[in-house]
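Asker: pasting the sequence and the predicted model now:
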Amino acid sequence: MKKLFLILTILLTLFVGPLLGQEAEQHTDAPNTEESAKTADQEALIDSETEELTDEERAKAVADKAKAEAWLEGQSLASEYSSLNDDDKRSEDYAIDSFVVSGDTAWMIVATALVLMMTIPGLSLFYGGLARRKNVLSVLVQCFACTALMTLLWTIYGYSVASSGDGQFFGDFAKVCLKGMGVDTVSGTIPESVYFTFQMTFAIITPALIVGAFAERMKFSAVLIFLTLWFTFSYLPVWHMVWGGGYLAEKWHAIDFAGGTVVHINAGIAGLVACIVLGKREGYPKSPMPPHNVPFVLIGAALLWVGWFGFNAGSELAADGVAGMAQLVTQVAAATAAFVWMMAEWILRGKPTAVGIATGAVAGLVAITPASGTVGPMGAIAIGAAAALVCYWTATSLKHALGYDDSFDVFGVHGVGGIVGALLTGLFFIKADTGAEYIENNLKGQIVSVIITIIWSGVVSYIALKIADVFCGGIRSTEDEEIQGLDVADHGEEGYQL
Amino acid sequence: MKKLFLILTILLTLFVGPLLGQEAEQHTDAPNTEESAKTADQEALIDSETEELTDEERAKAVADKAKAEAWLEGQSLASEYSSLNDDDKRSEDYAIDSFVVSGDTAWMIVATALVLMMTIPGLSLFYGGLARRKNVLSVLVQCFACTALMTLLWTIYGYSVASSGDGQFFGDFAKVCLKGMGVDTVSGTIPESVYFTFQMTFAIITPALIVGAFAERMKFSAVLIFLTLWFTFSYLPVWHMVWGGGYLAEKWHAIDFAGGTVVHINAGIAGLVACIVLGKREGYPKSPMPPHNVPFVLIGAALLWVGWFGFNAGSELAADGVAGMAQLVTQVAAATAAFVWMMAEWILRGKPTAVGIATGAVAGLVAITPASGTVGPMGAIAIGAAAALVCYWTATSLKHALGYDDSFDVFGVHGVGGIVGALLTGLFFIKADTGAEYIENNLKGQIVSVIITIIWSGVVSYIALKIADVFCGGIRSTEDEEIQGLDVADHGEEGYQL
Amino acid sequence: MKKLFLILTILLTLFVGPLLGQEAEQHTDAPNTEESAKTADQEALIDSETEELTDEERAKAVADKAKAEAWLEGQSLASEYSSLNDDDKRSEDYAIDSFVVSGDTAWMIVATALVLMMTIPGLSLFYGGLARRKNVLSVLVQCFACTALMTLLWTIYGYSVASSGDGQFFGDFAKVCLKGMGVDTVSGTIPESVYFTFQMTFAIITPALIVGAFAERMKFSAVLIFLTLWFTFSYLPVWHMVWGGGYLAEKWHAIDFAGGTVVHINAGIAGLVACIVLGKREGYPKSPMPPHNVPFVLIGAALLWVGWFGFNAGSELAADGVAGMAQLVTQVAAATAAFVWMMAEWILRGKPTAVGIATGAVAGLVAITPASGTVGPMGAIAIGAAAALVCYWTATSLKHALGYDDSFDVFGVHGVGGIVGALLTGLFFIKADTGAEYIENNLKGQIVSVIITIIWSGVVSYIALKIADVFCGGIRSTEDEEIQGLDVADHGEEGYQL
Amino acid sequence: MKKIEAVIKPFKLEEVKDALAEVGIEGMTVTEVKGFGRQKGHTEIYRGSEYTVDFLPKIKLEVVVADEAAEGAVKAITSAANTGKIGDGKVFVSSIDEAIRIRTDETGNEAL
Amino acid sequence: MKKIEAVIKPFKLEEVKDALAEVGIEGMTVTEVKGFGRQKGHTEIYRGSEYTVDFLPKIKLEVVVADEAAEGAVKAITSAANTGKIGDGKVFVSSIDEAIRIRTDETGNEAL
Amino acid sequence: MKKIEAVIKPFKLEEVKDALAEVGIEGMTVTEVKGFGRQKGHTEIYRGSEYTVDFLPKIKLEVVVADEAAEGAVKAITSAANTGKIGDGKVFVSSIDEAIRIRTDETGNEAL
Ligand SMILES: Nc1ncnc2c1ncn2[C@@H]1O[C@H](COP(=O)(O)OP(=O)(O)O)[C@@H](O)[C@H]1O
Ligand SMILES: Nc1ncnc2c1ncn2[C@@H]1O[C@H](COP(=O)(O)OP(=O)(O)O)[C@@H](O)[C@H]1O
Ligand SMILES: Nc1ncnc2c1ncn2[C@@H]1O[C@H](COP(=O)(O)OP(=O)(O)O)[C@@H](O)[C@H]1O
């Protein structure tokens, strides 16, 4: 418990300094503006009936809208050389507002499949391989059950609460059970059904990520209750704040292209809180707990890597140059981080390990996520390298120093990697036409979103765990169950009969 | 043998009741009409030279064609808001009839890859993991060999016999060895080569599904002969009847968007017949035969799940709103079924199992298949839940009560799930624009197609097994081979050297 | 050492005969012309500023350019029926030269993901499964590290040296660190970022293929140095010679649609040289060294197969009829080769093996690679069957006769399969519109490219190994390390804790 | 006390366990082993190389019993494990000086 | 010399090894085995069929020691492996005629 | 009869088997075991934590032979398994009261 507060304090202190230093700057500098406009634009696409951006500050909204329009105009000029011009022509020809572009739709259907592939089989193999043999199925089942459960929750109320309405922190219930979404409903240049399902896969993987932090010791029933509460009260509001035109988008112009804040920091903090509240696994850290199936770890990491193209390049919601560049920087950041982690281990420990190179790749993928729409290849190298070094230090030194037992380093990789990425997203930018990269100090909005996400997710996680505790008569498996392994204890099965 | 007829009788009885009750209704009610038109449309795309729908009943054909035209007109109106309008414009501009849309082509090339991924590695891992260690390779090789063999058969005569010509039950030999198909040949809005390869992946997975029913005891040579015969005399004619404008499409307006009847019921019944004719595995049901590698089962199921997006959303043959909705309902049905199966096990057996949640997901995927082009998200929840419950009952109770040994529950999941899906497809529909869902009794055509498929596949399977028996001097491995394991006996290899 | 020269001599002798026989023919016969034009076209797409094809022979360049224009015109006529007409219309409407087609972009983003999936997880599982248990991680890490390293090298200088400039053997440094590539930079009908990343995945898998030849006995540090040198001095120049408008493209009109020469022969020869220079594994061939995890081999092969659609159909760089046909012939060749290899084993050894069917599929995929843009389905059957037989003979007889220890038959499958494919690519062609296939003797250019690639890669490999030897104090692991296994020796980990 | 070690065919384990239970023996330890003997192995093939696998999977069963129970136990095992085919395995009997139950520190026959 | 065979719970191995080291024993051989005894197994479920898994994972430890060291070794093992719960396992002691160290051909107590 | 138990390095199994065949012994049972002794293990690393793996993979070979064949068998094993490096393993010889061939119910030396 004390550790929890200690860590949160460290994190907060780290951010207050830079934040104060930035206070003086105005927050209407270029990249911020673009982003705010983009968010506005996205919101407009998502729900074209709620054109007003806020209720309270009408003046500000008008200004924001003007900025958004300017940005859109810029876009439309740029699109003389992009795939959009064709659509403009079409919309002229038919005098219609919204239409589906088959190329964008093709890409987004596939991107959706790729992101699902990240969770099952990707993440489940990655985590399953890291577990000890007696717990492999419990990890796999938790990932699968999370997939099933979040699909239902996102369909029933999640999509509505996250994306519709214009609250600061939560959306509304206008689209509960997908009310009003038909085959012909359009979102941007793709069918709304595709946008919905794409976002569903994000709602699946985010809680699934947390599983790795409390693996090998939490009751299955408690896992389901905790994840349901966390999804509802942390994932949905942070989504709404960042991507749904809520507090962080509107007021702080947070840049989060593909989910550094919404997904990784959010999940990483939940993992940290959960593993501290649950306590260490029996025997940790005295007995070694090496992965039972390292090839699974590597296949899982590889599938995460491949699927991440859907995650990052898919977040453009179109098959265009931004998506292409997002894929490029994703690949470069992942490779850099894998390479740097490998070299760090080689130099510091004498041997580069398989688990290390895989973990490095994931750290790089996490860190590039928020930046993948705005950064260029050289920025990606910087972000990948920074993420590898900081996450390496967290997972191999800080964790042992502080003594919490984050089973598969969810905080160490997703939480910390997400923070590194979110901050550096405020620094590196690429020019669309020439590819020139420049450094721009746009840290303030980023720092605020990181802090708010940390606090929000931390508090919600703690309360959710306490509620689960009450419902399940304790969230932790018994010592006997833990020794026997959760596979037999929770699921009545053994992983292998070899 | 007796069991086989008992089961067929139960199934038939279940259907005769509702069928009689429907006798009075006219079969020209709305959804039927649409579907008949759609089928006509599809047929027209496939072979634009055979414009006449039937030979015998010209009057009926004219009426049908009129309906088809009306439906097409409706489509074209709807397409003011869909991606098709662009194509209309283009066909106007260039005065050409057929053209390739790159977005649709992009999606369908990928959908083809996804469906191949369902068989190898997906299905082979799912089945391979369920097998005992000593038989893992035999299952994997059977899936691989099926992939190779069916690719050749589909290329040489399968595509032609299934899709060309206007027979009631079989096509003709007009396209044998892909005569007339070049790089520029078009089918709908995609190259014919893509349509051909997409359908090839269906022709691969369907016989591969059957492998799970007779696994761990059938001679490899007999497997190849049986599957070749079954493919030729059951898969191809049912395809032609349902999708090739044959008997079930024309006369009964069967709705089968992505293959509930053609693929799953067809394969499920073949599996049932094969496992009954072969007899039980040595030691079944006395000795437990748990899966040797449950993580493989889960990875396999995950890859099936991801690949199924290609299967269902790909069956739209375009990247549009219908494809998007098909992906959405596929995801929702799979998740619902996985969740319901898990809860059923938890409540009825005390523990939710890993194999259970994976099997549930597959059952949901099977059941949504025929409905994926016409149902909405709430219908998908209903279909997923129903499939999970009925398949759970079949695989855990009915199978033991009747005493057949369907090794990996091919009948229990694909046969029964397919039947549940095919019937419910006649009930749930979604409105394109508003997303409103309604219930419509359109069961009759569905029931007839189910019954005809059951009988057709059942009879062909039985005869094919008897022929294989003659050719191979018995279709069953010897007792010694079975005890030693088919890996060493049939393939001279062991799965693992751990 | 002696073996190395013996093999090279055999290969060379095999080619000199046919080559002399061809000397008389003129090299301007139809398919050559088309290809030269196509290459010119590709080059033009890659770098639209360097319009001149050569410096030295201006006259020849003009003639070539004329041919290229004629071919492009033919294309543009054909495109009345293809997706391109829309783009033509658009370019007319907007008076712009280059634009992004969203459908092509969608496909190419996904194709890129598929090719990455070939290396990780595909190839790494295929090789990992073939290794002995104690070396599984060393193989996996080598594939992963190769992915990371080549991503960086390709970004920093590889792309520039391979694709820009108009040297005969090497490109220039104009695009070092992706200078000038922005979000809006276009290559053909796709963003240049996508073209770059797609080609990056080729630069990743090619060196990774070599790993299989020297597996289980080479120091990890030596692997990295060797691959870096080989990539720089063999992969990049062969790429430039064949695809970058260099020597083989310009002078010999080599047809290599997706990389038979650049990727497979190139890597296969490097593998052969490396395994001969390194020497045999301890105990080879006396002790049997069966694969430790055959299911991994099959999953790996399956992922390679699925990913290969991205490799071959992606090499069209568009979602059109050529891509569709490339996918089709890829599937047919892989299936044929798998089937033929299986039957060969069955007939010659009494049992069809799992490793055999998987290896056969890979051999077919390798051989169809160079031909996948020009051949039809019947040609694919011929190529698949030929590859299976020749590679079977190499891997099971020739290798043992010559006594080299190519751990996982990189030369036997990729080298030899690549040669078979490259030669047969000169024979089989398909007509675009009717699908009719014809045989055309276009062997000369193919033979020359094969020979030049063999010599080039052979010499570079040998020198690179010697340099690595100096840097690492020997390239081979010690006997003790080899007995203990490279997992523990090089990476401080064990694969499994089962 | 006597220790009975039996090497049997794997699929006979269940029957042997039941046979021992019938003569009142309810404790045993089993190990997966590989046996080499007159029963010939099989041939495996890997890319054209054939090699013989001589070591066949067997189960080794260890039971420690009171002296007087040994004969019955051996009988139970041999009759349950017999298939009449080569490779059925062997039973070896040796003497044990002392047995201790860890949980209770009971010794001798009490410990079994 | 005496051979001590101990069947223990897997997670006790580390402690037992340390206990033996304390009494000066630094060589041993361990095998993963399955034990059957009074400790009841668990139920597994596969598609609705429930079956009992009677054989539980255990570790078998073999240590050969000089006659005089046997008692101490047994004590070390029993006290380290004891949890007081059923299934803690057994220790069996028997006699060894001869021991040889392969590397040096030393025999008897020297070889241990 | 004598039971010879040998703990050897895994890669020596084939040679030991051949050496035994040369002295006429054609039956044996082998088990994969982990050995702990003077041969030191290796270090493994998992996300920065290093831990020592003390238990090394070994093969345990059990052969039961007639009394008079024991010496030859032990010699065959020790010379074939010897590498001269630490960790080569041990051979233990003990007495067997009775041996039975399950297939035929033969006993004593006949059973081997
Ligand atoms: N001399 C021996 N010492 C130890 N184990 C033996 C011996 N001879 C045979 N075995 C074991 O008994 C098993 C069966 O022996 P085998 O000669 O194949 O058939 P059978 O038991 O019918 O004579 C072997 O696989 C081996 O495990
Ligand atoms: N008679 C026996 N012979 C050999 N091993 C035995 C015998 N009885 C028990 N064991 C071993 O000891 C283990 C523990 O025995 P069990 O009866 O479950 O508990 P306890 O040791 O507390 O009496 C068993 O799992 C088995 O491996
Ligand atoms: N006292 C013992 N009892 C049983 N097995 C032993 C004993 N001492 C050693 N061993 C076995 O012999 C193996 C080799 O012993 P070790 O001390 O490492 O080397 P060496 O055989 O060269 O003396 C060990 O790994 C262990 O399996």
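Answerer: Cool, got the structure. Ligands and ions are numbered 1, 2, ... in the order given.

Asker: can you tell me the closest non-neighbouring residue to the residue in chain A positioned nearest to chain C?
Answerer: The nearest approach of chain A to chain C comes at A:Gly103, 2.6 Å away (C-beta to the nearest C-beta). Every residue, glycine included, has its C-beta placed from N, CA and C. In this structure, A:Gly103 finds its nearest non-sequential neighbour in C:Ser102, 2.6 Å apart by C-beta to C-beta, 6 or more residues apart in numbering or on different chains.

Asker: name the SS class of the residue of chain A found nearest ligand 1, please.
Answerer: Nearest residue of chain A to ligand 1 (C-beta to the nearest ligand atom) works out as A:Leu498 at 20.0 Å. Going by DSSP: H, G, I helix; E, B strand; the rest coil, the secondary structure assigned to A:Leu498 is coil.

Asker: pretty sure it is touching B:Tyr496, no?
Answerer: Yes - taking C-beta atoms under 8 Å as the definition, A:Leu498 is a contact partner of B:Tyr496 at 6.5 Å.

Asker: more neighbours: these two, which one.
Answerer: More crowded of A:Leu498 and B:Tyr496, by other C-beta atoms under 10 Å in any protein chain shown: B:Tyr496, with 23 against 12.

Asker: that one contacts C:Pro290, doesn't it?
Answerer: No - the pair B:Tyr496 / C:Pro290 is not scored as a contact, 9.9 Å apart, by C-beta under 8 Å.

Asker: what sits against D:Met1?
Answerer: Residues in contact with D:Met1 (C-beta atoms under 8 Å, 6 or more residues apart in numbering or on different chains) are D:64-67, D:95-96, D:98-99, D:108-109, D:112.

Asker: distance to A:Gly128, neighbour count and pLDDT added to the residues you listed, as JSON lines?
Answerer: Listed next are these as JSON lines, based on distance: C-beta to C-beta, whole Å; neighbours: other C-beta atoms under 10 Å in any protein chain shown; pLDDT from 0 to 100:
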{"residue": "D:Val64", "distance to A:Gly128": "39", "neighbour count": "27", "pLDDT": "97"}
{"residue": "D:Val65", "distance to A:Gly128": "42", "neighbour count": "26", "pLDDT": "96"}
{"residue": "D:Ala66", "distance to A:Gly128": "46", "neighbour count": "15", "pLDDT": "96"}
{"residue": "D:Asp67", "distance to A:Gly128": "50", "neighbour count": "11", "pLDDT": "95"}
{"residue": "D:Ser95", "distance to A:Gly128": "47", "neighbour count": "15", "pLDDT": "96"}
{"residue": "D:Ile96", "distance to A:Gly128": "43", "neighbour count": "19", "pLDDT": "96"}
{"residue": "D:Glu98", "distance to A:Gly128": "44", "neighbour count": "17", "pLDDT": "95"}
{"residue": "D:Ala99", "distance to A:Gly128": "41", "neighbour count": "23", "pLDDT": "96"}
{"residue": "D:Gly108", "distance to A:Gly128": "46", "neighbour count": "13", "pLDDT": "92"}
{"residue": "D:Asn109", "distance to A:Gly128": "46", "neighbour count": "14", "pLDDT": "91"}
{"residue": "D:Leu112", "distance to A:Gly128": "40", "neighbour count": "20", "pLDDT": "88"}
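
Asker: circling back to that earlier point, so who does the residue of chain A closest to ligand 1 touch?
Answerer: By C-beta under 8 Å, 6+ apart, the neighbours of A:Leu498 are B:133, B:292-293, B:496, B:498, C:498.

Asker: what segments of the stretch 201-350 of chain A are helices?
Answerer: A:220-230, A:236-243, A:247-252, A:266-278, A:294-314, A:321-349 (DSSP state H, counting those that start in this stretch).

Asker: spatially nearest residue to the closest residue to chain C within chain D, not counting backbone neighbours?
Answerer: Per C-beta to the nearest C-beta, the residue of chain D with the smallest distance to chain C is D:Gly48, at 2.5 Å. In this structure, D:Gly48 finds its nearest non-sequential neighbour in C:Thr396, 2.5 Å apart by C-beta to C-beta, 6+ apart.

Asker: now do the one you found: how many residues are near it, please.
Answerer: With other C-beta under 10 Å as criterion, C:Thr396 counts 22.

Asker: need the contact list for it.
Answerer: Taking C-beta under 8 Å, 6+ apart, one finds D:47-49 in contact with C:Thr396.

Asker: now render the residues you listed as JSON lines, adding pLDDT, neighbour count and distance to B:Ala354.
Answerer: JSON lines is the format used below for the contacts of C:Thr396 (pLDDT from 0 to 100; neighbours: other C-beta atoms under 10 Å in any protein chain shown; distance: C-beta to C-beta, whole Å):
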{"residue": "D:Arg47", "pLDDT": "89", "neighbour count": "21", "distance to B:Ala354": "35"}
{"residue": "D:Gly48", "pLDDT": "81", "neighbour count": "20", "distance to B:Ala354": "39"}
{"residue": "D:Ser49", "pLDDT": "86", "neighbour count": "16", "distance to B:Ala354": "38"}
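
Asker: of those residues, closest to chain F?
Answerer: D:Ser49 (15.7 Å).

Asker: what is the closest one paired to in the beta sheet?
Answerer: D:Tyr46 (DSSP bridges).

Asker: what ranges do the helices span in chain D?
Answerer: D:13-22, D:70-81 (DSSP state H).

Asker: what about the closest residue to A:Phe311 other than its chain neighbours, which helix or strand?
Answerer: Nearest non-adjacent residue to A:Phe311, counting by C-beta to C-beta, 6+ apart: A:Val115, 5.3 Å away. For A:Val115, the element it lies in under DSSP states H and E is helix A:102-117.

Asker: pull the CA atoms of that helix into PDB?
Answerer: This file holds the C-alpha atoms of helix A:102-117, laid out as PDB (Å, rounded to 0.1, in the frame of the first residue of the first chain):
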ATOM      1  CA  SER A 102     -13.900   1.300 -50.200                       C
ATOM      2  CA  GLY A 103     -10.100   1.500 -49.800                       C
ATOM      3  CA  ASP A 104     -10.400   3.100 -46.400                       C
ATOM      4  CA  THR A 105     -13.000   0.600 -45.500                       C
ATOM      5  CA  ALA A 106     -10.900  -2.300 -46.700                       C
ATOM      6  CA  TRP A 107      -8.000  -1.100 -44.600                       C
ATOM      7  CA  MET A 108     -10.100  -0.500 -41.500                       C
ATOM      8  CA  ILE A 109     -11.800  -3.900 -41.600                       C
ATOM      9  CA  VAL A 110      -8.400  -5.500 -41.700                       C
ATOM     10  CA  ALA A 111      -7.000  -3.100 -39.100                       C
ATOM     11  CA  THR A 112      -9.800  -4.300 -36.800                       C
ATOM     12  CA  ALA A 113      -8.800  -7.900 -37.400                       C
ATOM     13  CA  LEU A 114      -5.200  -7.100 -36.700                       C
ATOM     14  CA  VAL A 115      -6.000  -5.400 -33.300                       C
ATOM     15  CA  LEU A 116      -8.100  -8.400 -32.300                       C
ATOM     16  CA  MET A 117      -5.100 -10.600 -33.200                       C
END
